[in-house]
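Peer 1: Sequence and predicted structure, then a few things I'm wondering about:
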Protein chains: 2
Amino acid sequence: MKTQDQCPQCSRINEVLSRVGDRWSVLIVISLARYGTLRFNELKRNLGISQRMLSRTLRELERDGLVNRTYHPTIPPKVEYNLTPMGESFRQPVEILGQWALDNITNIDAAREKFEANHADA
Amino acid sequence: MKTQDQCPQCSRINEVLSRVGDRWSVLIVISLARYGTLRFNELKRNLGISQRMLSRTLRELERDGLVNRTYHPTIPPKVEYNLTPMGESFRQPVEILGQWALDNITNIDAAREKFEANHADA
DNA sequence: CGGAATCCCTCCTGATACTG
DNA sequence: CAGTATCAGGAGGGATTCCG
């Protein structure tokens, strides 16, 4: 399916957001932005994410150039993650989005309740 | 699974982003922000979205208080959509995110190629 | 500790066909 | 025109197990 010419940038925006716009990527970036450098299990505990999704998402973020991965070949192993410059540049848009989310969650809940109420008039 | 105390807001941010953070919601808000008021099939053509997803997403956006739906009981029927004040307030975060996406798509592509190259050394 | 691999299930998403 | 209903495929994501 092709995006039409009315919103020519929509498809490209879509493309990027499909990559870095999912919930786990966003939350990982927020965490790394706030705490600087974190280890694998620190992120895991902080976010309440499964091992599988964390390693998967981190690898994608590394591949897309948003996150640095530093492997310390000690015993036991130690792997640290932090943001690259591009990851840092992603921080502001994400923080703004996150702040909006926090600011409007109650509004959304209220709108939902109202909507449900209006549609419950059997 | 519960989000831990290190990032207490992450779960709430996650909550909101799960609602309005999907690709279609974002693109619909962007379109309505740019064009003001659009009809159902105008949105459909602009975004290259399926009927099903469009009606579904629009209903959710209406329910969450981001979009107004105006039904004109004419023949043929005519339904118009535009942003509510809360929808407008969502516009800035979304536009910023969209702009970052456009600005960095080439960087991401480059990072990917480099990553793939480095991991192709058999 | 930091993963990779496997299993399994849900939800998202699109295609198609039908209705007012 | 603006939907709804139904079906089917694929991706998202958790739990568990095993390895370096």
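Peer 2: Everything's here; your move. Numbers count the residues shown, from 1 in each chain, chains lettered A, B, ... in the order given.

Peer 1: CA atoms for contacts and neighbours, from now on please.
Peer 2: Will do.

Peer 1: Give me the nearest residue to the closest residue to DNA strand D within chain A, chain neighbours excluded.
Peer 2: Of all residues in chain A, the one sitting closest to DNA strand D is A:S50 (4.4 Å; Cα to the nearest atom of the strand). Excluding the flanking residues, the one nearest A:S50 by Cα to Cα, 6 or more residues apart in numbering or on different chains is A:K44, at 6.9 Å.

Peer 1: roughly how far is the helix or strand containing the one you found from the heart of the chain?
Peer 2: Assessed by DSSP states H and E, A:K44 sits inside helix A:40-47. Relative to the mean C-alpha coordinate of its chain, helix A:40-47 is positioned 14 Å out (Cα atoms, centre = their mean, to the nearest Å).

Peer 1: What's opposite the nearest residue to A:E62 once chain neighbours are set aside in the beta bridge?
Peer 2: Among residues not flanking A:E62 along the chain, A:N68 sits closest, at 6.0 Å (Cα to Cα, 6+ apart). Following DSSP bridges, A:N68 is listed with bridge partners A:N82.

Peer 1: give me the element the residue nearest the centre of chain A is part of.
Peer 2: Chain A has A:V26 as the residue nearest its centroid, 1.0 Å off, counting by Cα atoms, centre = their mean. Assigned by DSSP H and E, A:V26 falls within helix A:23-35.

Peer 1: Buried ones in that helix, by neighbour count?
Peer 2: Neighbour-count burial for helix A:23-35 flags A:23-33 (criterion: 16 or more other Cα atoms under 10 Å in any protein chain shown).

Peer 1: do the same with stretch A:103-122
Peer 2: Using 16+ other Cα under 10 Å as the test for burial, stretch A:103-122 gives A:104-105, A:107-108, A:111-112.

Peer 1: how near is whatever residue of chain A ends up closest to DNA strand C to B:F115?
Peer 2: Across chain A, no residue is closer to DNA strand C than A:N41, which sits at 3.6 Å (Cα to the nearest atom of the strand). According to Cα to Cα, to the nearest Å, A:N41 stands 24 Å off from B:F115.

Peer 1: and what of A:R59?
Peer 2: 10 Å.

Peer 1: Over to A:P93?
Peer 2: 25 Å.

Peer 1: do A:R52 as well
Peer 2: A:R52 is 21 Å from B:F115, by Cα to Cα.

Peer 1: Helices of chain A, start to end?
Peer 2: For chain A, applying DSSP state H gives helices covering A:10-20, A:23-35, A:40-47, A:51-63, A:85-118.

Peer 1: mind checking which of those helices is nearest B:S18?
Peer 2: helix A:23-35 (7.1 Å; Cα to Cα).

Peer 1: ok, and what's touching that closest one?
Peer 2: A:20, A:38, A:43, A:47, A:53-54, A:57-58, A:61, A:81-83, A:87-88, A:90-91, A:94-95, B:7, B:10, B:14, B:17-18, B:21 (Cα atoms under 8 Å, 6 or more residues apart in numbering or on different chains).

Peer 1: Then stretch A:58-70?
Peer 2: The contact list for stretch A:58-70, computed with Cα under 8 Å, 6+ apart, reads A:20, A:25, A:79-88, B:107-109, B:111-112, B:115-116.

Peer 1: which among those residues are in contact with DNA strand D?
Peer 2: With the criterion set as Cα under 7 Å from any atom of the strand, no member of those is near DNA strand D.

Peer 1: Share the number of residues neighbouring the residue of chain A closest to DNA strand C, please.
Peer 2: A:N41: 15 surrounding residues under other Cα atoms under 10 Å in any protein chain shown.

Peer 1: isn't A:A101 right next to B:L17, touching?
Peer 2: Yes. The criterion here is Cα atoms under 8 Å, and A:A101 meets it with B:L17 at 6.9 Å.

Peer 1: Specify which residue of those two has the higher count of neighbours.
Peer 2: A:A101 (25 against 21).
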